[in-house]
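*Asks:* Need a 3D model of the following:
(chains A and B)
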Amino acid sequence: MRAKQAVNDFVVKFANVNGTGSASANSLFAKSIFRMGIPVSPRNIFPSNIQGLPTWYEVRVSHKGYLGRRGGVDLMVCVNPQSMERDVKDVEPGGYFLYDSTKPIDPRLVRDDINYLGLPLTEICLREYTDARQRLLFKNMIYVGALSALLEIEFQVLKDLISDQFKGKEKLVSPNIHALELGHHYAMKHFECPLGIRVKRGGDIAPHMSGVDHILMDGNTATGLGAVYGGATVMAWYPITPSTSVAEAFERYCTRMRIDPGTGQKNYAVVQAEDELSAIGMVIGAAWNGARSFTATSGPGLSLMGEFLGLAYFAEIPTVLVDVQRAGPSTGMPTRTQQSDILAAAYASHGDTKHVLLFPATPAECFSLTVNAFDLAERLQTPVIMLTDLELGMNDCMSPPLEFDDAYRFDRGKVLDGEALDKLQSRFGRYLDVDGDGITYRTLPGAHPTKGAFTTRGTSRDDYAIYTEDGDAYVRNMDRLLLKFETAKRYVPAPKIKPAAQPTRIGTLFFGTTASPAYEALEILEEEGYAIDALRLRAFPFTREVEQFIDEHDTIFVIEQNRDGQMRRLLLNESNCATREKLVSVVNYDGLPITARHIAGHIRSRLGGANVTDIAQKRSSSGRTMA
Amino acid sequence: MTYQRPNFRHPDAPTNPLGYTRRDYEGSISTLCAGCGHDSISAAIIEACFGLPLEPHRIAKLSGIGCSSKTPAYFLGRSHGFNSVHGRMPSVATGASLANNELVYIGVSGDGDSASIGMGQFAHVVRRNLNMTYIVENNGCYGLTKGQDSATADRGSKSKKGASNPYEAIDLASLAIQLGATFVARSFSGDRHQLVPLIQAALSHKGFALLDVMSPCVTFNNHTGSTKSYVHVRDHIDPAPVDFVPIRDEIKASYEAGTTFEVRMHDGSVVRLHKDSGQEYDIEDPQAALRAIAEHEQAGRTLTGLLYIDKDAPDLHKVLGTSPRPLNSMQEKDLCPGSKMLDSINAGLR
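*Replies:* Okay, here's the model as predicted:
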């Protein structure tokens, strides 16, 4: 039988039982490859459960630097008998199946087109350890040790990682290294090492990934850190997967960097609220009072926050909300990824509302766009919702390093302080559009003894914040809010456009975690002769560049991870150039990250094998756009 | 509609020690029904703030939705107000307080806003001991939607149409004590002699102060058979008189020994209670307070006055350990750890 041969280009999947400590061992495995300078993208595929259910960890190694999920498995490390039947099926022909051979494998699970590697994990643990907990935990380290031999991972790199990980707890270093050695020795003695698939330092790495400085970080941690750098002082939240770690990261970094060393006093406040209604209420209250504040939530929380978002929109209060999306609707699949809150976020609340949205694609961008979100919210005096997802938020992603310019100053927007109010000659009008950009001046409570006080309200009001039911005043105000949304286009981040090698009337549009697999798909298609431009969207409202891109293409594949093509619908609603004929949906919504194979397959079948030249000719001869 | 008051100021109007006249504490003209209990409460808030005195612009007033929640427009026109969403004022007040601990926060809510839609937020703001004065203008009905029973309507109380309320009433005062409130008082909108000093005491309390104020709805709940009508409330309350002595005033009035009980607040002001109305329990003992409330209720009476106080409990800021400097005053240098720190974080992620 042929065994798969590949250097720095394969997928390893670990099948574990959750709650057995496998996560840190699996992460060690991924990080060791990363430390060898080889592009790697690990992802957790886990249940909504604490202990006892199947959980998977998938690691893609790609010398070309493809970080999206590939699909298929070349080496399955199966430590969970519960899922073995299914795990065997997932291995691609020529691939490998490593299993705990303490008990013989069920003959029905033996395929003749894959290679079996029996590692007696339980037996080794029973022999080496007496303590039940050690037997459980070191099992994970033993298989990582075996993999280091099978895949030629540099053992010193693993040892260094262990030393880093247990800095301050040196007692734990040598037992862990010993466990790694147990696995390594067993593999060297019993298997032909290395396998056909293996890693190699410096081996044919894509130029943009080799020698370039990268970090390995999850998006939620980057987001929490971004909020620290963005000057957030109040964070209120309610625990919900997969956004919880944003709040936890913010608090963790604050305890390191926001406590006055002299007094022990905190330059921040974190409240775990009783629910999401309260969390967003606290954020709005703090923002109304001039503090940068934010919350992080996921789909069900966003639904609950709708009413308050309407208030913040209408009363014009800077509000930052991070929505780490998961598979909905309702409770949906809480531990699976999707991009399915686009419309709910864009139009959250009853009445006519529109909200500014941001779509980061990497941890570095989670960091920088979070900082940006606070500036946008205060500049525009409106909610800003940053949409990430479980895939980006909870998985370690290779990313350019986080960047921060020390010259950065908060953009607090149009705020009249006591001094400015003192100088003000005319009557202060909270909702009076002095500058003609739809953005009016606000004052903060307590700023001035006699000037600038007003009542913030969710009811209709005139330019001076006085309650009114006058239809004209209401319409003027609603129209000004629309003008403000137009103004927002000047401030939100522009899209990233990547033109094809040759001119084309075919484009793709995507955002967030769809980006990596989309770029990969475009490279696959390019090799097949398709020339396709790419636009990575970073914000809503849609800027001039987005309109131009849509205008300049006849067919645009809108790639996203939800059933209904929500971004396509938003484009149809909000872009002047988008038409139903132009925008073609490419969607995936099974809860696993979309793959390049899926995207390329869809586009290929849609284009019907016709290459770009054919399509361009067809268009010019018939004068019709491709539907 | 909101009607603005004319700008007229009487030249001889008395001023408080801060130099403000009473007019400086007023708001726009009320649009509530003539005779509404809520207007009396607004007047009491004005009187209390003028008398303490507080600087009007250093007060923030917050409310939810309903007749009660409209009232912040009718007092303290120089203060910022926030008329938020139904039942969610506590969370907005929490965020506001976290952002700036130097302002005085007055929340105004109603029985629907607090005991029904806002029950969750009410319970949790009590637990957190947020430093604010929380006034429930309690009329046992939904006024703004024309008189439906609320969750504080007494069982058996009759609606205007004659229907008897079949459900048990929620007593926010007892509930607040159970939830760990640190200042709980009950009063009646028609008794300003008791209400004004109670509001002043509440404003001086460093922590969560609940004032459950019976405030009859003249339009929908002031008929015979209602237990929240002016007549019924007047006939069934046992008012415990309260004096409030601000910090700077020496205690002048003398009382017969053993008839008063004084609570010295942290700011140095004094709340004096009179023991001549059945309030003879230790008001710092929550169980005793709950018993007294229940005993009066069983006798068909309503105990009013300062019902319970724990003046030493740490408020939310103290619990969280936040800086005494308002968070909203902090700048980049206080908040941004800088690029060097980020470089070291990056280094740890390689």
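*Asks:* Strands of the stretch 1-150 of chain B, start to end?
*Replies:* B:59-63, B:80-83, B:104-110, B:132-138, B:141-142, B:148-149 (DSSP state E, counting those that start in this stretch).
*Asks:* Ok, the stretch 401-550 of chain A next?
*Replies:* Taking DSSP E, counting those that start in this stretch, the strands of the stretch 401-550 of chain A run over residues A:415-416, A:442-443, A:455-457, A:496-498, A:506-511, A:533-537, A:539-540.
*Asks:* Let me have these in CSV, adding mean neighbour count, mean pLDDT and distance to chain B as columns.
*Replies:* (C-beta placed from N, C-alpha, C; glycine too.) Converted to CSV, these look like this (neighbours: other Cβ atoms under 10 Å in any protein chain shown; pLDDT from 0 to 100; distance: least, Cβ to the nearest Cβ, whole Å):
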stretch, mean neighbour count, mean pLDDT, distance to chain B
strand A:415-416, 18, 98, 11
strand A:442-443, 24, 98, 8
strand A:455-457, 24, 96, 4
strand A:496-498, 15, 98, 22
strand A:506-511, 26, 98, 24
strand A:533-537, 22, 98, 23
strand A:539-540, 26, 98, 23
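*Asks:* residue ranges with poor pLDDT in chain A?
*Replies:* A:211, A:609-627 (pLDDT under 70).
*Asks:* re the thing from before, redo the strands of the stretch 1-150 of chain B as JSON lines? Include mean neighbour count.
*Replies:* Converted to JSON lines, the strands of the stretch 1-150 of chain B look like this (neighbours: other Cβ atoms under 10 Å in any protein chain shown):
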{"stretch": "strand B:59-63", "mean neighbour count": "28"}
{"stretch": "strand B:80-83", "mean neighbour count": "26"}
{"stretch": "strand B:104-110", "mean neighbour count": "29"}
{"stretch": "strand B:132-138", "mean neighbour count": "30"}
{"stretch": "strand B:141-142", "mean neighbour count": "26"}
{"stretch": "strand B:148-149", "mean neighbour count": "18"}
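*Asks:* Those strands: which one's closest to chain A?
*Replies:* Closest approach to chain A among the strands of the stretch 1-150 of chain B (Cβ to the nearest Cβ): strand B:80-83, 3.5 Å.
*Asks:* helices and strands around the closest one, which ones?
*Replies:* Strand B:80-83 is packed against strand A:455-457, strand B:59-63, helix B:89-99, with contacts defined by 3 or more Cβ pairs under 8 Å, 6 or more residues apart in numbering or on different chains; DSSP states H and E.
*Asks:* could you dump it to PDB, C-alpha only?
*Replies:* C-alpha atoms of strand B:80-83 as PDB (Å, rounded to 0.1, in the frame of the first residue of the first chain):
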ATOM      1  CA  HIS B  80     -27.900  65.300  33.300                       C
ATOM      2  CA  GLY B  81     -30.700  62.900  33.000                       C
ATOM      3  CA  PHE B  82     -31.000  59.500  31.300                       C
ATOM      4  CA  ASN B  83     -34.400  58.200  30.600                       C
END
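*Asks:* Just put the helices and strands packed on strand B:80-83 in TSV and tack on distance to B:E284.
*Replies:* TSV is the format used below for the helices and strands packed on strand B:80-83 (distance: least, Cβ to Cβ, whole Å):
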stretch	distance to B:E284
strand A:455-457	37
strand B:59-63	28
helix B:89-99	25
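*Asks:* hmm, back to that, so for B:H223, which of the strands of the stretch 401-550 of chain A sits nearest?
*Replies:* Among the strands of the stretch 401-550 of chain A, strand A:455-457 comes nearest to B:H223, with 32.1 Å by Cβ to Cβ.
*Asks:* Give the partner strands of that closest one in its sheet and their orientations.
*Replies:* Strand A:455-457 sits in its sheet next to strand B:80-83 (parallel), going by DSSP bridges.
*Asks:* Give me the contact list for the strand it pairs with.
*Replies:* The contact list for strand B:80-83, computed with Cβ atoms under 8 Å, 6 or more residues apart in numbering or on different chains, reads A:285, A:288, A:443-446, A:453-459, B:57, B:60-65, B:69-70, B:72-73, B:89, B:92, B:96.
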